[in-house]
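Student: build the 3D model from these lines:
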Amino acid sequence: GKVQEQPETIDDVLDLLESIAKDHKVTVVFDEFQNIFHWDNSVKIQWQLRSRIQKQSNIGYIFLGSSTSLISKLFTESKSAFYKSTILLYVPNQIDYALFAKWIQLRFASTKLKLSNEVIMQILNYTKAHPYYTQKLCSFICLSHVNGMITIDLLNKTISNLMNQEEQSYYERFDQLSLNQKKIIKALANMNPEQSLFGKTTKEQYSLPAASSLKLALNQLCKHVNPLIYKDSSEYCIEDPFFRLWLQSK
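Tutor: Next up, the predicted model:
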(Lines give C-alpha, C1' and ligand atoms only; values in the text may rest on other atoms or scores of the structure.)
Protein backbone atom coordinates (compact mmCIF):
# COMPACT_ATOMS: atom_id res chain seq x y z
CA GLY A 1 0.00 0.00 0.00
CA LYS A 2 0.89 3.67 0.00
CA VAL A 3 3.62 4.59 2.47
CA GLN A 4 2.34 7.08 5.04
CA GLU A 5 4.56 10.14 5.42
CA GLN A 6 5.87 10.92 8.89
CA PRO A 7 3.36 13.27 10.60
CA GLU A 8 4.98 16.54 11.66
CA THR A 9 2.16 18.52 13.29
CA ILE A 10 -0.79 17.84 15.60
CA ASP A 11 -3.12 18.16 12.62
CA ASP A 12 -1.04 15.64 10.67
CA VAL A 13 -1.33 13.14 13.53
CA LEU A 14 -5.08 13.65 13.84
CA ASP A 15 -5.52 13.35 10.07
CA LEU A 16 -3.64 10.03 10.16
CA LEU A 17 -5.78 8.73 13.04
CA GLU A 18 -8.98 9.71 11.26
CA SER A 19 -7.88 7.95 8.08
CA ILE A 20 -7.17 4.76 10.07
CA ALA A 21 -10.47 5.08 11.94
CA LYS A 22 -12.45 4.91 8.70
CA ASP A 23 -11.94 1.14 8.71
CA HIS A 24 -11.08 0.36 12.34
CA LYS A 25 -12.04 1.56 15.77
CA VAL A 26 -9.05 3.29 17.34
CA THR A 27 -8.05 3.99 20.93
CA VAL A 28 -5.39 6.65 21.51
CA VAL A 29 -3.51 6.83 24.81
CA PHE A 30 -1.69 9.99 25.91
CA ASP A 31 0.75 9.13 28.71
CA GLU A 32 1.79 11.87 31.18
CA PHE A 33 -0.68 14.17 29.45
CA GLN A 34 -0.13 16.95 32.01
CA ASN A 35 3.19 17.64 30.24
CA ILE A 36 1.15 19.48 27.61
CA PHE A 37 1.47 22.47 29.95
CA HIS A 38 5.18 22.61 29.05
CA TRP A 39 4.63 22.68 25.28
CA ASP A 40 5.05 25.86 23.26
CA ASN A 41 1.63 27.39 22.51
CA SER A 42 0.12 24.97 25.03
CA VAL A 43 -3.29 26.65 25.32
CA LYS A 44 -3.67 26.89 21.53
CA ILE A 45 -2.77 23.21 21.10
CA GLN A 46 -5.23 22.17 23.82
CA TRP A 47 -8.11 23.94 22.05
CA GLN A 48 -6.91 22.55 18.72
CA LEU A 49 -7.04 19.01 20.10
CA ARG A 50 -10.44 19.51 21.72
CA SER A 51 -12.01 20.94 18.55
CA ARG A 52 -10.87 17.95 16.50
CA ILE A 53 -11.53 15.27 19.11
CA GLN A 54 -15.15 16.29 19.77
CA LYS A 55 -16.00 15.74 16.09
CA GLN A 56 -14.59 12.20 15.96
CA SER A 57 -16.92 9.25 16.42
CA ASN A 58 -14.71 6.21 15.85
CA ILE A 59 -11.74 7.17 18.03
CA GLY A 60 -11.52 6.87 21.82
CA TYR A 61 -9.01 8.75 23.94
CA ILE A 62 -7.39 7.90 27.27
CA PHE A 63 -5.45 10.64 29.03
CA LEU A 64 -3.00 9.40 31.68
CA GLY A 65 -1.02 11.48 34.15
CA SER A 66 0.98 10.96 37.33
CA SER A 67 0.18 14.46 38.63
CA THR A 68 -3.37 14.41 40.01
CA SER A 69 -3.44 18.17 40.51
CA LEU A 70 -2.43 19.02 36.93
CA ILE A 71 -4.71 16.43 35.35
CA SER A 72 -7.56 17.83 37.45
CA LYS A 73 -6.67 21.31 36.28
CA LEU A 74 -6.94 20.18 32.65
CA PHE A 75 -10.33 18.51 32.98
CA THR A 76 -12.18 20.23 35.83
CA GLU A 77 -11.41 23.95 35.51
CA SER A 78 -14.08 25.80 33.56
CA LYS A 79 -11.57 27.78 31.45
CA SER A 80 -9.76 24.66 30.26
CA ALA A 81 -10.22 23.38 26.72
CA PHE A 82 -10.94 19.89 28.06
CA TYR A 83 -13.46 20.97 30.71
CA LYS A 84 -16.09 18.22 31.20
CA SER A 85 -14.84 16.35 28.13
CA THR A 86 -14.03 13.08 29.89
CA ILE A 87 -14.90 10.69 32.69
CA LEU A 88 -12.32 11.07 35.46
CA LEU A 89 -10.92 7.96 37.13
CA TYR A 90 -8.55 8.47 40.04
CA VAL A 91 -6.02 5.66 40.52
CA PRO A 92 -3.63 5.61 43.51
CA ASN A 93 -0.03 6.47 42.59
CA GLN A 94 1.22 3.52 44.63
CA ILE A 95 1.32 -0.01 43.22
CA ASP A 96 0.99 -3.01 45.52
CA TYR A 97 4.46 -3.68 46.96
CA ALA A 98 4.39 -7.44 46.34
CA LEU A 99 3.37 -7.06 42.69
CA PHE A 100 5.88 -4.28 42.10
CA ALA A 101 8.67 -6.32 43.75
CA LYS A 102 8.03 -9.20 41.33
CA TRP A 103 8.17 -6.80 38.37
CA ILE A 104 11.48 -5.29 39.59
CA GLN A 105 12.96 -8.76 40.12
CA LEU A 106 11.90 -9.79 36.61
CA ARG A 107 13.38 -6.68 34.99
CA PHE A 108 16.73 -7.03 36.78
CA ALA A 109 16.90 -10.73 35.85
CA SER A 110 17.93 -9.66 32.34
CA THR A 111 20.92 -7.65 33.67
CA LYS A 112 24.17 -8.61 35.38
CA LEU A 113 22.96 -7.02 38.60
CA LYS A 114 21.47 -8.96 41.48
CA LEU A 115 19.07 -7.54 44.04
CA SER A 116 17.89 -9.31 47.17
CA ASN A 117 14.28 -9.06 48.28
CA GLU A 118 15.50 -6.84 51.13
CA VAL A 119 17.00 -4.32 48.68
CA ILE A 120 13.91 -4.36 46.47
CA MET A 121 11.62 -3.65 49.43
CA GLN A 122 13.95 -0.86 50.52
CA ILE A 123 13.66 0.67 47.02
CA LEU A 124 9.88 0.59 47.34
CA ASN A 125 10.05 2.04 50.85
CA TYR A 126 12.10 4.97 49.54
CA THR A 127 9.79 5.65 46.59
CA LYS A 128 6.54 4.61 48.33
CA ALA A 129 5.97 2.41 45.23
CA HIS A 130 5.34 5.45 43.04
CA PRO A 131 5.78 4.13 39.45
CA TYR A 132 7.77 7.06 38.03
CA TYR A 133 10.23 7.43 40.90
CA THR A 134 10.66 3.67 41.32
CA GLN A 135 11.62 3.33 37.67
CA LYS A 136 13.88 6.39 37.96
CA LEU A 137 15.77 4.86 40.89
CA CYS A 138 16.06 1.45 39.22
CA SER A 139 17.38 3.07 36.04
CA PHE A 140 19.95 5.01 38.07
CA ILE A 141 21.07 1.77 39.73
CA CYS A 142 21.65 0.23 36.29
CA LEU A 143 23.61 3.29 35.15
CA SER A 144 25.71 3.40 38.33
CA HIS A 145 26.63 -0.30 38.58
CA VAL A 146 27.66 -2.62 35.73
CA ASN A 147 27.41 -5.94 37.54
CA GLY A 148 27.41 -7.58 40.95
CA MET A 149 25.18 -7.64 44.00
CA ILE A 150 23.40 -4.43 44.98
CA THR A 151 23.55 -4.22 48.76
CA ILE A 152 21.67 -1.83 51.04
CA ASP A 153 24.90 0.16 51.38
CA LEU A 154 25.30 0.45 47.60
CA LEU A 155 21.63 1.39 47.28
CA ASN A 156 22.05 4.21 49.81
CA LYS A 157 25.16 5.48 48.02
CA THR A 158 23.30 5.39 44.70
CA ILE A 159 20.43 7.42 46.14
CA SER A 160 22.94 9.90 47.57
CA ASN A 161 24.53 10.27 44.12
CA LEU A 162 21.11 10.72 42.53
CA MET A 163 20.28 13.53 44.99
CA ASN A 164 23.65 15.19 44.33
CA GLN A 165 22.90 15.14 40.63
CA GLU A 166 19.50 16.77 41.22
CA GLU A 167 20.69 19.17 43.92
CA GLN A 168 20.91 22.28 41.75
CA SER A 169 17.33 21.90 40.55
CA TYR A 170 16.22 21.22 44.14
CA TYR A 171 17.88 24.42 45.33
CA GLU A 172 16.27 26.41 42.53
CA ARG A 173 12.78 25.08 43.22
CA PHE A 174 13.12 25.57 46.96
CA ASP A 175 14.43 29.15 46.60
CA GLN A 176 11.38 30.07 44.51
CA LEU A 177 9.01 29.26 47.37
CA SER A 178 7.53 31.79 49.76
CA LEU A 179 8.53 31.66 53.43
CA ASN A 180 5.32 29.85 54.43
CA GLN A 181 5.71 27.35 51.58
CA LYS A 182 9.29 26.59 52.66
CA LYS A 183 8.11 25.93 56.22
CA ILE A 184 5.38 23.58 54.95
CA ILE A 185 7.76 21.65 52.68
CA LYS A 186 10.26 21.22 55.52
CA ALA A 187 7.50 20.06 57.87
CA LEU A 188 6.17 17.50 55.36
CA ALA A 189 9.69 16.16 54.80
CA ASN A 190 10.52 15.73 58.48
CA MET A 191 7.32 15.18 60.48
CA ASN A 192 6.36 11.73 61.75
CA PRO A 193 3.63 9.78 59.89
CA GLU A 194 1.26 10.09 62.87
CA GLN A 195 1.61 13.88 62.94
CA SER A 196 -0.97 16.16 61.34
CA LEU A 197 0.13 19.27 59.45
CA PHE A 198 -2.68 21.16 61.18
CA GLY A 199 -1.87 19.81 64.64
CA LYS A 200 -0.83 22.25 67.37
CA THR A 201 2.45 20.45 68.09
CA THR A 202 3.42 20.37 64.39
CA LYS A 203 2.57 24.05 63.91
CA GLU A 204 4.72 25.00 66.88
CA GLN A 205 7.60 22.69 65.95
CA TYR A 206 7.91 24.04 62.39
CA SER A 207 6.62 27.60 62.99
CA LEU A 208 3.74 27.07 60.58
CA PRO A 209 1.29 29.93 59.85
CA ALA A 210 -2.35 30.20 60.92
CA ALA A 211 -4.81 27.71 59.40
CA SER A 212 -6.09 30.12 56.70
CA SER A 213 -2.57 30.98 55.49
CA LEU A 214 -1.55 27.33 55.76
CA LYS A 215 -4.43 26.21 53.51
CA LEU A 216 -3.66 28.96 50.98
CA ALA A 217 0.01 27.98 50.77
CA LEU A 218 -0.90 24.27 50.43
CA ASN A 219 -3.32 25.06 47.63
CA GLN A 220 -0.64 27.06 45.79
CA LEU A 221 1.87 24.23 46.14
CA CYS A 222 -0.62 21.67 44.80
CA LYS A 223 -1.73 23.76 41.82
CA HIS A 224 1.69 24.89 40.67
CA VAL A 225 2.62 23.96 37.09
CA ASN A 226 5.30 21.73 38.63
CA PRO A 227 3.60 20.75 41.90
CA LEU A 228 5.88 19.86 44.77
CA ILE A 229 3.11 18.22 46.80
CA TYR A 230 -0.13 16.34 46.24
CA LYS A 231 -3.07 15.45 48.42
CA ASP A 232 -3.53 11.75 49.16
CA SER A 233 -6.94 11.23 50.81
CA SER A 234 -6.76 13.72 53.69
CA GLU A 235 -2.96 13.91 53.86
CA TYR A 236 -0.48 16.04 51.94
CA CYS A 237 2.66 14.40 50.56
CA ILE A 238 5.81 15.60 48.80
CA GLU A 239 5.67 14.53 45.16
CA ASP A 240 9.37 13.66 44.70
CA PRO A 241 10.68 11.18 47.34
CA PHE A 242 14.29 12.13 46.57
CA PHE A 243 13.50 15.81 47.10
CA ARG A 244 11.99 14.76 50.45
CA LEU A 245 15.21 12.95 51.37
CA TRP A 246 17.27 15.95 50.25
CA LEU A 247 15.23 18.24 52.48
CA GLN A 248 15.78 15.91 55.45
CA SER A 249 19.53 16.32 54.99
CA LYS A 250 19.34 20.13 55.18
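Student: so how many other residues sit close to Q54?
Tutor: 9 (other C-beta atoms under 10 Å). C-beta: built from backbone N, CA, C; applies to glycine.
Student: and if you look at the one 4 residues further on?
Tutor: The local packing count at N58 equals 13, with neighbours defined by other C-beta under 10 Å.
Student: ok, now how distant is it from D23?
Tutor: Distance, N58 to D23, by C-beta to C-beta, to the nearest Å: 9 Å.
Student: now for the longest helix seen in the chain, which elements pack on it?
Tutor: Longest helix in the chain, counting residues (DSSP state H): helix 152-175. In terms of contacts (3 or more C-beta pairs under 8 Å, 6 or more residues apart in numbering; DSSP states H and E), helix 152-175 is packed against helix 117-127, helix 131-144, helix 241-248.
Student: report the angle between that helix and helix 117-127.
Tutor: Comparing the axes of helix 152-175 and helix 117-127 via axes from the mean of the first three to the mean of the last three C-alpha atoms, to 10 degrees yields an angle of 10 degrees.
Student: which residues are contacting helix 152-175?
Tutor: Defining contact as C-beta atoms under 8 Å, 6 or more residues apart in numbering, one finds that helix 152-175 is touched by 118-119, 122-123, 126, 136-137, 140-141, 144-145, 150, 182, 185, 226, 228, 242-243, 245-247, 249.
Student: this structure: helices as residue ranges?
Tutor: Under DSSP H, the chain gives helices at 10-20, 42-53, 68-76, 97-108, 117-127, 131-144, 152-175, 179-190, 200-205, 211-223, 241-248.
Student: can I get these in JSON lines including mean pLDDT and distance to T27?
Tutor: As requested, these are arranged in JSON lines below (pLDDT from 0 to 100; distance: least, C-beta to C-beta, whole Å):
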{"stretch": "helix 10-20", "mean pLDDT": "87", "distance to T27": "10"}
{"stretch": "helix 42-53", "mean pLDDT": "92", "distance to T27": "13"}
{"stretch": "helix 68-76", "mean pLDDT": "82", "distance to T27": "18"}
{"stretch": "helix 97-108", "mean pLDDT": "94", "distance to T27": "24"}
{"stretch": "helix 117-127", "mean pLDDT": "96", "distance to T27": "30"}
{"stretch": "helix 131-144", "mean pLDDT": "92", "distance to T27": "21"}
{"stretch": "helix 152-175", "mean pLDDT": "94", "distance to T27": "35"}
{"stretch": "helix 179-190", "mean pLDDT": "95", "distance to T27": "38"}
{"stretch": "helix 200-205", "mean pLDDT": "93", "distance to T27": "46"}
{"stretch": "helix 211-223", "mean pLDDT": "89", "distance to T27": "30"}
{"stretch": "helix 241-248", "mean pLDDT": "94", "distance to T27": "32"}
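Student: N35: which of these is closest?
Tutor: helix 68-76 (8.7 Å; C-beta to C-beta).
Student: by contact count, what packs against that closest one?
Tutor: Against helix 68-76 (3+ C-beta pairs under 8 Å, 6+ apart) you get strand 59-63, helix 211-223, strand 229-232.
Student: okay if I get these as CSV plus distance to E172 and mean neighbour count?
Tutor: Formatted as CSV, the helices and strands packed on helix 68-76 follow (distance: least, C-beta to C-beta, whole Å; neighbours: other C-beta atoms under 10 Å):
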stretch, distance to E172, mean neighbour count
strand 59-63, 29, 15
helix 211-223, 16, 16
strand 229-232, 17, 17
